[in-house]
Every structure is written in C-alpha cells, then in structure tokens.
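> I would like to see how this sequence folds:
(one chain, ligands or ions: 2)
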Amino acid sequence: MRLEKIKLAGFKSFVDPTSIPLPGNLVGIVGPNGCGKSNIIDAVRWVMGESSAKHLRGDTMADVIFNGSSTRKPVGLASVELIFDNSEGKAPGEFAKYREISIKRQVTRDGQSTYLLNGTRCRRKDITDLFLGTGLGSRSYAIIEQGTISRLVEAKPDELREIIEEAAGISKYKERRHETELR
Ligand code: ATP
Ligand code: MG
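Ligands and ions are numbered 1, 2, ... in the order given. Here you go, the predicted model:
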C-alpha cells in the first residue's frame, strides 16, 4: 500500500479543505517556520489512531481542531483522510480487493471521535489492525521525527525489541495472542 493523498479540513492550521497529493516515492514538503509542515505529520499520526494529545503537540484532543486566527473564527470539526493506493492488492484480508483504501477520522469539540474505513464507520481498532505489522501506525517506525534516531540509539532492550518485532511482522501475532488471552 502506498500513501497517495492526505485530505485535511479544520485540522490545526488547515482550516479550509486541503488535499495534498503525494505523487512519487520521494516528496519534500518545504515552507517557512510555522507554515504547517509538522501539522501534516500530526494529521497522519492522528488519523491512524494516535490517542495522546501530547504526541500531537497539544494539551487536549480538541487542540487538533482549528482554534481560530486573527481573521478566522474557530471551527467545530476536524477531519483527516488518508488515501492509499492498493493496486497491488497487498492490504490484509477483505481489503485486498479494493484498489484504493481510505481511512478517515473526525473529531468534534465535545471529543466525539469517529473513524471510517472506505466510507463505513468502524472502530479505532479496525484502523490499527490494518497497519499492524506494516511499520506504519501512529507510533511506528515509518514516521521518523526529530529525536527519533536518538531515542532508538538510547532505547532500552525491551523497547528495541518492540521495534524489531514490528519490522519483522511479529507484533500482529503477539497482539492477537494477547487479545485471545484476555477473552
Ligand atoms: P517549523 O519549520 O518551525 O518546524 P512547521 O511548518 O512544522 O514549522 P507547524 O508546527 O506544523 O509548523 O505549524 C505550527 C502552526 O500551526 C502555528 O502557527 C500554530 O499556531 C498553528 N496551529 C497549531 N494548532 C492549531 C490549531 N488548533 N488551530 C489553528 N492553528 C494551529
Ligand atoms: Mg516542524
């Protein structure tokens, strides 16, 4: 699966509906300080189920909603959608047959979060399951931010093991075993 497009509306500084195409395997996003580059990464992390406001550089989850500027009023809803190209059919299970896979998350000021998978409402878990073992996912190694490398170098053996298990595709089986044991 390849990330093809990011669509945002009401998310942090992206108040108006914005569609960011990612046409190649190497895409650079450049711009002056504070123009919203990191907000795009926050959006990707958020739609994949990030539930910690701190990891999104905010205090509460509602901080992802556009909170107004000198010329614009705050809005009540933030939404982010990722569109993946799945023409190689590598998405797991029933999703293998779709050429495109869309995951979407919306949140309102009262904290109501909704997730959609190809337009159908789903649980957060359905989204996290889709990416388990792929290296993508809200806290996975596919997103390397400032400080990530030094965290890797300084990681404790247990943390390092988690990263290696995700890369080796073992984490999804561990997660399933854990769920079975809880039943
Ligand atoms: P740098 O080059 O310094 O890393 P950047 O392009 O990564 O900058 P971001 O951190 O993505 O910039 O964007 C910061 C901007 O987003 C700030 O101007 C901040 O006011 C704005 N912002 C963050 N959250 C919200 C929000 N909820 N509503 C409106 N604007 C927001
Ligand atoms: Mg930044």
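
> When you work out contacts or count neighbours from here on, use the C-alpha atoms and nothing else.
Fine.

> mind listing the helices for the protein?
37-47, 124-131, 148-153, 157-167, 171-182 (DSSP state H).

> What distance do you get for the residue lying closest to residue 30 once chain neighbours are set aside to ligand 1?
Nearest residue to residue 30 in three dimensions, chain neighbours excluded: residue 37, at 7.2 Å (Cα to Cα, 6 or more residues apart in numbering). From residue 37 across to ligand 1, the span is 4 Å (Cα to the nearest ligand atom, to the nearest Å).

> who's in contact with residue 37?
By Cα atoms under 8 Å, 6 or more residues apart in numbering, residue 37 lies in contact with 29-31.

> now residue 134
166-167, 169.

> one step back: what about the residue nearest to residue 30, distance to residue 52?
Plainly put, residue 37 is 20 Å away from residue 52 if you go by Cα to Cα, to the nearest Å.

> out of the helices of the chain, deepest packed?
helix 37-47 (a mean of 20; mean count of other Cα atoms under 10 Å).

> Specify the angle between that helix and helix 124-131 in degrees.
110 degrees (axes from the mean of the first three to the mean of the last three Cα atoms, to 10 degrees).

> Next, count neighbours for the residue nearest to residue 66 when sequence neighbours are not counted.
Spatial nearest neighbour of residue 66, chain neighbours left out: residue 12 (4.5 Å); criterion: Cα to Cα, 6+ apart. Residue 12 has 21 neighbouring residues, counting by other Cα atoms under 10 Å.
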